[in-house]
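Visitor: build me a model:
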Amino acid sequence: MTVLALEPRERMPAQREELHEALEEGILLCDGAMLRGVADAAGALGLACVRVHFDAGVVQPLADSDFRLEADAIVVAIGQDADLDVAAGVSSSGGVLCVDEHQATARAGLWAGGDVASMARFVTEAVGMGKRAALDIDRAWRGQARTPASTVPATAAHEIATWYHPQARRAQQRRLPVADRLTGNPEVQLPLSASELQAEAARCFSCGSCTSCDNCFQYCPDLAVSHGPEGYAVLADYCKGCGICVRECPTGSMLLQEELR
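Guide: As a prediction, the model looks like this:
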């Protein structure tokens, strides 16, 4: 099988892993090339092709770069774009609708996600967009106002106390051997084992999330941190702002900032 692609290899709209796997399985790639015409000769299809320069959607054939390929069949997989006619009048950019962080468009009552709102083209991206849109649609139907953005300054980033987290290697992704891939339609990327999944979960820093480790309570030299049923609280009458609790928080869930006056 041969794949003819307008884009150069490094800019093809494909996942790097899948491209690597295809080459492993013997797929021939003619990147940076375009089909000009097809002729049926002696029971075979003759493909007239040319090398091209492809940039920002503009295709420029290169002089004296014509070549031919032979094929038994041609599968066309180009020009697939989202149909935006259903959202006529809604602003778009680069072939996708413009949406905010809640997947809402500028038109009231219209949310968008997946291929019509992103060029990422990943299922996981589309699922996340669907969730954000569903939450905002539910909010809108209930007549509730959007929750205001956090007032924490952008400079007050979460600082992970990495010395509380031992270094550990990431589990390596395993693939089915090439010979076994060609025998049917099995899964190529093999799943992690139960022990590997547990090890990966243990590598999580729980960034910005309190895990009730009690470090802030234990390390505070002024007994200014209390721990009750509702969680932790800083007692302003005793806290002198030394920042030890923030430094010893393994997940960076505590922030030190000047009190508003």
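Visitor: okay, buried residues for stretch 213-225 please.
Guide: 215-216, 220, 224-225 (16 or more other C-beta atoms under 10 Å). In this view, the C-beta of every residue, glycine as well, is placed from N, C-alpha and C.
Visitor: stretch 22-31 too?
Guide: For stretch 22-31, using 16+ other C-beta under 10 Å, the buried residues are 29-31.
Visitor: got the CA positions of the helix or strand Q218 falls within in PDB?
Guide: Taking DSSP states H and E as the definition, Q218 sits inside helix 215-219. Only the C-alpha atoms of helix 215-219 are listed here, as PDB (Å, rounded to 0.1, in the frame of the first residue of the first chain):
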ATOM      1  CA  ASN A 215       2.000  18.700  56.600                       C
ATOM      2  CA  CYS A 216       0.700  22.300  56.900                       C
ATOM      3  CA  PHE A 217      -0.700  21.400  60.300                       C
ATOM      4  CA  GLN A 218       2.400  19.600  61.500                       C
ATOM      5  CA  TYR A 219       5.100  22.000  60.300                       C
END
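Visitor: which SSE is immediately downstream of that helix?
Guide: strand 225-228.
Visitor: centre of the chain to that following strand, how far?
Guide: With C-alpha atoms, centre = their mean, to the nearest Å as the basis, strand 225-228 stands 38 Å off its chain's centre.
Visitor: other SSEs contacting the helix holding Q218?
Guide: strand 225-228, helix 244-247 (3 or more C-beta pairs under 8 Å, 6 or more residues apart in numbering; DSSP states H and E).
Visitor: if you set the cut-off to 6 Å instead, what comes out?
Guide: strand 225-228 (3 or more C-beta pairs under 6 Å, 6 or more residues apart in numbering; DSSP states H and E).
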